[in-house]
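Colleague: Pasted the sequence and its predicted model underneath.
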Amino acid sequence: MDLLLWRHAEAVEGTPDHLRELTERGRKQARKVARWLDDNRPKRLRVMASPTVRTRQTVSAFTDDFEIITALAPEHGVSDILAATGWPEGRGAVLVVGHQPTLGRLAALLLSGQEAPWSVKKGALWWFTNRVRNDETQTVLRTVITPDMI
């Protein structure tokens, strides 16, 4: 299974949190990563987004074919994302468009075995895959892309 974690691009400050929109810079960040994803996307990609405006705007730069998943909202945690995606037993690939600090905590869990307050930059994409080697399930970090790298 492939699991792609995409943090929403830069958004305006303010309240209510769920209604915050992307800034002009955020829209550019989203378009850059979307172009990279379009060129490098895995086959059979299921796309999920948090119900917030900023995540829906970020993912819309890539596709209009996505699911809004309440379990990806900012108030939910790592276990909610894992349950929603089916990681690691699932098949194919899932793209999650979500939020800090949850995406950073999930990245830490996948690579180190425990949650930690890792930082995922605004607009960044982390791509994980899992494999079995010598009867051991391993998580592999395939790539990390930030908008300023593209």
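Modeller: Thanks, I have the structure now.

Colleague: quick one: buried residues of the helix ranked longest in the chain?
Modeller: The residue-count maximum for a helix in the chain (DSSP state H) belongs to helix 24-40. Neighbour-count burial for helix 24-40 flags 26, 27, 28, 29, 30, 31, 32, 33, 34, 36, 37 (criterion: 16 or more other Cβ atoms under 10 Å). To be clear about C-beta, it is placed using only N, CA and C from the backbone, and glycine gets the same treatment.

Colleague: tell me the mean pLDDT over the next helix or strand after that helix?
Modeller: Downstream of helix 24-40, the next assigned helix or strand under DSSP states H and E is strand 45-49. The pLDDT scores in strand 45-49 average 98.

Colleague: Work out the gap between strand 45-49 and the centre of the chain.
Modeller: 9 Å (Cα atoms, centre = their mean, to the nearest Å).

Colleague: And for the next helix or strand along the chain from it, what's in contact with it?
Modeller: Toward the C-terminus, strand 45-49 is succeeded by helix 53-60 as the next helix or strand (DSSP H and E). The contact list for helix 53-60 (Cβ atoms under 8 Å, 6 or more residues apart in numbering) reads 6, 8-9, 11, 18-22, 26-27, 30, 47, 49-50, 66, 68, 72, 95, 97-99, 123.
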